[in-house]
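In: Just to be clear, the model below is a prediction. Sequence and coordinates:
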Amino acid sequence: MGKIRILPDLLASKIAAGEVVERPASVVKELIENALDAGGRQIRIEVELGGKKLVRVADDGEGMTRDDALLAFERHATSKIASVEDLEHIVTLGFRGEALPSIAAVARVLLRTKTAADLVGTEVEIEGGKIKDVRECAWAGGTEVHVRDLFYNVPARRKFLKSDTTELFHVTNLVTHYALCYPRVAFRLKHGGRTLLDVAAVETLRERAYQVFGADFLASVVELEHVGEGVRVYGFASKPNWGRTTREAQYFFVNGRYVRDRVLAQALSESYRTLLPSGMHPAAVLFVELPPSDVDVNVHPAKIEVRFRRPAQVQAAIIEAVRRALQQARPVLEVKRPVEDRPRTHSERALAREAFRLQAPLAPSTSRQPSLGLAFSARKAPEEGKAFAPSEAASPEVLGARSPISPQCLARPSLDDVAEEGAAERIRLLGQFRQSFILAATDRELLLIDQHAAHERILFERFQEQLAREALPAQPLLVPEIIELTPAQHAAFESARQDLARLGIEVGEFSGRALALTALPADVPISEARPLVLELLEVADQERRSSPERLRDRLAASLACRAAVKINTPLTEAMMRWLVEELFRASFPMSCPHGRPVVVRFTLREIERLFHR
Ligand SMILES: Nc1ncnc2c1ncn2[C@@H]1O[C@H](COP(=O)(O)OP(=O)(O)OP(=O)(O)O)[C@@H](O)[C@H]1O
Ligand SMILES: [Mg+2]
């Protein structure tokens, strides 16, 4: 007798359900995706006990006939694809025909639905995968699904659910980000009768972001929009001074589907290289759109992973989008009053913002996050090619404008801070503080500039640009400087020799492990020669396996640091003026090449508040 047997249907579907439904947020995700696929314009979500007791999602989409409502609970029953070819061009969030049967296998489900053509609606009751009842019902239209007692028949799974608060947090996070992705759809989320999110349909992502996260969020991010080769990237990325210690505040959507993806995360990190201190990560919500045939969404049962046909193009588009937005916005650190001074009035907004801040993963680790390749084009107004684009402020004309300080203030007056408008006047120098910081002012803000960091940033960008083309000019030393190396340093020197030469550092063998330094880059004082060479050797050694650009940037950063004016150094007015002017001409004046802030600004509004005006 053989030992292999085919599992009974019910058991098989419970096992399959485990891949799709991990927690209440997975159910919410599948139901929201179905509602979006059905063309819903208003999606109402209600949960109880973090979704463990009840998840209810109602939409005003196309609905289903009685026959379809029954078929919908069959495994592999879908209206969204019909052939193998369709798999290559998926334009809906769903396509596997698995979500409803999976949910129904592990919960008590009630579905009510009606199409516009039908006079009466259908109500289906199904429990643990078994249909209990099907009847006619009076129903206005659209579809509503109640999912009660999740995992009531899978105790092992139920035990893994977290506290109501944690589960609610995942649900909120998920709904919040889907709401962000679909501004033209109204979303409402209630928990036990309390409204946590209630946003009407709007036209732009920016408006939706304001509805969901409020003005503080918008002030902490730059908005991006870029169309690369066959890829469009838009969304928000944090200003460099708002780095986090984890990557959890990074959300990626591909063709309207929430995904977790290394290709995208890597590109985002790369965009912030030299702008954030090491170990810090940006926060971002990035929406990537590309032709459905360029992305495979059929990689993971929960549809949370994707594969790109041309990952390098996607990465390039992201890097370009983020870098360009940061370069245009040139955000510098703003001094804010303590948090308690900024009242958080609406509970739902606070919660949504909290969801962003706490950086919880958007969705359960195995739940399926559907995407809506189609939905993007569908909900886009046909008149404008880039209708879904952020605000008008991102238009090329505005982005093209350059001004000495924070042009984002000109381009997009922030919603809560009128005082920032027109902050582009010339900067007046006020003086130096403790021979380390430069004080300056415009009509609307006071600026405090770290002289060393500023000079470092200026030199760094210059070196970076020069090194991309040629070697840096070297200045011969009258008397060679002898540097003793350890065996390890000597080995590093052997492999870094060419890189050092390119930096303008010329070295002759002296004897044994001693080097004779014969020339230095023009900007570096002789007193820095020794520590500089040792530091460069260390960096070259650490970055042996990195890309040439990364190595170049790190070497340039070390060089800039050694060559830059130190703190505790008196500066003449002319030097300060030069520093400030050059700084605001730099591409990224907000951070030094090691990611520390360069400028801190006190807006007029903040100053007035401090004086209770
Ligand atoms: N809210 C809804 N409004 C209208 N039709 C719906 C709705 N939800 C589900 N359906 C119909 O039921 C079918 C089955 O839904 P289900 O979520 O199980 O599969 P799917 O969305 O096709 O694929 P996936 O398993 O990838 O989500 C859908 O293809 C759709 O035709
Ligand atoms: Mg579905």
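Out: Perfect, thanks for sending it. This one's a predicted model, so the numbers in the text were calculated from it and none came from an experiment. Numbering: from 1, shown residues only. Ligands and ions are numbered 1, 2, ... in the order given.
In: Get me the contact residues on this protein for ligand 2.
Out: With Cβ under 5 Å from the ion as the criterion, the chain comes near ligand 2 at residues Asn34, Gly94, Ala99. C-beta: built from backbone N, CA, C; applies to glycine.
In: Quick check, the last one in contact with Glu19.
Out: No. Ala99 lies out of contact with Glu19 (Cβ atoms under 8 Å); the separation is 11.1 Å.
In: Looking only at neighbour counts, state which of those two leads.
Out: Counted by other Cβ atoms under 10 Å, Ala99 and Glu19 do not tie: Ala99 has more neighbours, with 26 against 16.
In: Compute the number of surrounding residues for the nearest residue to that one once chain neighbours are set aside.
Out: In this structure, Ala99 finds its nearest non-sequential neighbour in Glu30, 3.9 Å apart by Cβ to Cβ, 6 or more residues apart in numbering. Look at Glu30: counted by other Cβ under 10 Å, it has 29 neighbours.
In: mind checking the SS state of Glu30?
Out: helix (DSSP: H, G, I helix; E, B strand; the rest coil).
In: which residues touch the residue nearest to Arg330 when sequence neighbours are not counted?
Out: The shortest distance from Arg330 to any non-neighbouring residue, by Cβ to Cβ, 6+ apart, is to Pro589 (5.6 Å). Residues in contact with Pro589, defined by Cβ atoms under 8 Å, 6 or more residues apart in numbering, are Arg330, Val332, Ala454, Arg457, Leu583, Val598, Val599.
In: Swap in 7 Å and give it another go.
Out: By Cβ atoms under 7 Å, 6 or more residues apart in numbering, the contact list for Pro589 reads Arg330, Val332, Arg457, Leu583, Val598, Val599.
In: Kindly report the same for Ile43.
Out: Ile32, Ala35, Val57, Asp59, Val185, Phe187.
In: mind listing what whichever strand or helix holds it pairs with, with the direction of each?
Out: Using DSSP states H and E, Ile43 maps to strand 42-48. If you go by DSSP bridges, strand 42-48 pairs up with strand 54-59 (antiparallel), strand 186-191 (parallel).
In: ok, the contacts of Pro589 vs ligand 1, which is closest?
Out: Closest to ligand 1 out of the contacts of Pro589 is Arg330 (42.9 Å), distances taken as Cβ to the nearest ligand atom.
In: What degree of burial does the closest one show, as a neighbour count?
Out: 22.
In: Need the phi and psi values for it.
Out: Phi and psi for Arg330, reported as degrees, to the nearest 10, are phi 40, psi 60.
In: distance of it from ligand 2?
Out: 43 Å (Cβ to the ion, to the nearest Å).
In: Check what pLDDT that residue gets.
Out: pLDDT, Arg330: 76.
In: what do you get for Val55?
Out: Confidence score, pLDDT, at Val55: 98.
In: Please report the distance of it from ligand 1.
Out: 13 Å (Cβ to the nearest ligand atom, to the nearest Å).
In: just checking, that residue touches Lys29?
Out: No. Here Val55 does not reach Lys29: they are 10.2 Å apart, not a contact under Cβ atoms under 7 Å.
In: okay, these two: which has more neighbours?
Out: A direct count of neighbours by other Cβ under 10 Å for Val55 and Lys29 places Lys29 higher, at 34 against 27.
In: re earlier: helix/strand/coil for the residue nearest to Arg330?
Out: coil.
In: Any figure for the gap between it and ligand 2?
Out: 47 Å.
In: Likewise for Glu22?
Out: 16 Å.
In: what does Arg601 give?
Out: 48 Å.
In: Distance of the residue of the chain found nearest ligand 1 relative to Ala16?
Out: At 2.2 Å from ligand 1, Gly94 is the closest residue in the chain, using Cβ to the nearest ligand atom. Gly94 sits 15 Å away from Ala16, taking Cβ to Cβ, to the nearest Å as the criterion.
In: So for the two, which sits in the more crowded spot?
Out: Gly94 (25 against 16).
In: Could you tell me which strands the longest strand seen in the chain is paired with, and in which direction each runs?
Out: Across the chain, the longest stretch assigned as strand under DSSP state E is strand 474-484. Strand 474-484 sits in its sheet next to strand 514-521 (antiparallel), going by DSSP bridges.
In: Show the subsequent helix or strand relative to the strand it pairs with.
Out: helix 529-542.
In: From the rest of the structure, what touches that next one?
Out: With Cβ under 7 Å, 6+ apart, helix 529-542 has contacts from 481, 483, 489, 492-493, 496, 499-500, 505, 517, 520, 524, 551, 554-555, 558, 562.
In: Inside strands: which ones of those residues?
Out: Glu481, Ile483, Leu517, Leu520.
In: Out of these, which comes closest to Val212?
Out: Checking the ones in strands among the contacts of helix 529-542 against Val212 with Cβ to Cβ, the nearest one is Leu520 at 53.6 Å.
In: In three-state terms, label the residue in the stretch 51-200 of the chain positioned nearest to ligand 2 for me.
Out: Nearest residue of the stretch 51-200 of the chain to ligand 2: Gly94, at 2.8 Å (Cβ to the ion). Three-state call for Gly94 (three-state DSSP): coil.
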